[in-house]
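Peer 1: Would you be able to build a 3D model of this:
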Amino acid sequence: MLVVIGLIFAALLVLVSIIGFMFFAAFGGLTFLASVPKPEIRYGEFAFQLEYEIDGVVKVVEDTIICEFDGFETRGESGKYRKWKSYLKSGDERITILDFRELRETNEFGQTILELFFSYGNAEYYMGDKYGSDPGRGIGKYIEYMYRGADGSIGGSAYPADEAWEKFKIKLISWECDPPIENKFK
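Peer 2: Got it, this is the predicted structure:
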């Protein structure tokens, strides 16, 4: 008789555990995903100056990076994340160093190079979010470029600094930008 009661008790315990787990997954999991905190500071402007050289001529670009909180997004099973957007105050899409569209220059893979540019980083970095890295840390190591593949797709890659100098007489000299903010997330 005790064995039967023990088996019934064990079966009820397993059943309650399964129902509890399903309840947590259905409701508690959603609450967990919804609890990604919003940033306290949701907008920022960061003035910058990029100095570079093309064929012996030093050029300077000054502009401002605008960063804004853009809500949340869900990425598969990884969960919910803060979404940010950034753009340049001038309205330019990128910091273009040299536009090749008219020159029909190709890389070693036969892809048409569209432009050489400097990537100013992402809003997460400037707005004090945990994702993002300092764009200035790579200054002088690479020059990024955008290309069009034979199938019309657009992609990106980078030349090592010495190769960019040899091919195009281009080098990055300095990057100065307002520091990222210290944000809080509530």
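
Peer 1: Mind checking what secondary structure Lys167 has?
Peer 2: In terms of secondary structure, Lys167 is helix; the call rests on DSSP: H, G, I helix; E, B strand; the rest coil.

Peer 1: Surely it touches Tyr159?
Peer 2: Yes. Taking contacts as CB atoms under 8 Å, Lys167 lies within contact range of Tyr159: 7.0 Å. Bear in mind the C-beta positions are built from the backbone N, C-alpha and C, glycine included.

Peer 1: more crowded one of the two?
Peer 2: Set side by side, Lys167 and Tyr159 show more neighbours around Tyr159, with 19 against 14, by other CB atoms under 10 Å.

Peer 1: Name the nearest residue to the residue nearest the centre of the chain, ignoring sequence neighbours.
Peer 2: The centre of the chain sits closest to Asn122, judged by CA atoms, centre = their mean, with a distance of 4.9 Å. Leaving aside its chain neighbours, Asn122 sits nearest to Gly132 (4.9 Å; criterion: CB to CB, 6 or more residues apart in numbering).

Peer 1: give me the low-pLDDT residue ranges for the protein?
Peer 2: Residues of the chain meeting the criterion pLDDT under 70: 1-34, 131.

Peer 1: Tell me where it has strands.
Peer 2: For the chain, the strands defined by DSSP state E cover 43-54, 57-75, 79-88, 95-99, 112-118, 142-148, 154-160, 170-177.

Peer 1: Put together a markdown table for those, with distance to Tyr126 on each row.
Peer 2: Formatted as a markdown table, those follow (distance: least, CB to CB, whole Å):
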| stretch | distance to Tyr126 |
| --- | --- |
| strand 43-54 | 5 |
| strand 57-75 | 5 |
| strand 79-88 | 7 |
| strand 95-99 | 15 |
| strand 112-118 | 15 |
| strand 142-148 | 19 |
| strand 154-160 | 21 |
| strand 170-177 | 8 |
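
Peer 1: Which among the ones you listed is found nearest to Phe185?
Peer 2: strand 79-88 (7.8 Å; CB to CB).

Peer 1: Can you name every helix or strand that that closest one contacts?
Peer 2: Contact analysis of strand 79-88 by 3 or more CB pairs under 8 Å, 6 or more residues apart in numbering; DSSP states H and E lists helix 29-34, strand 57-75, helix 123-126 as its packing neighbours.

Peer 1: Which stretch among those is buried most, on average?
Peer 2: helix 123-126 (a mean of 23; mean count of other CB atoms under 10 Å).

Peer 1: Noted, bye for now.
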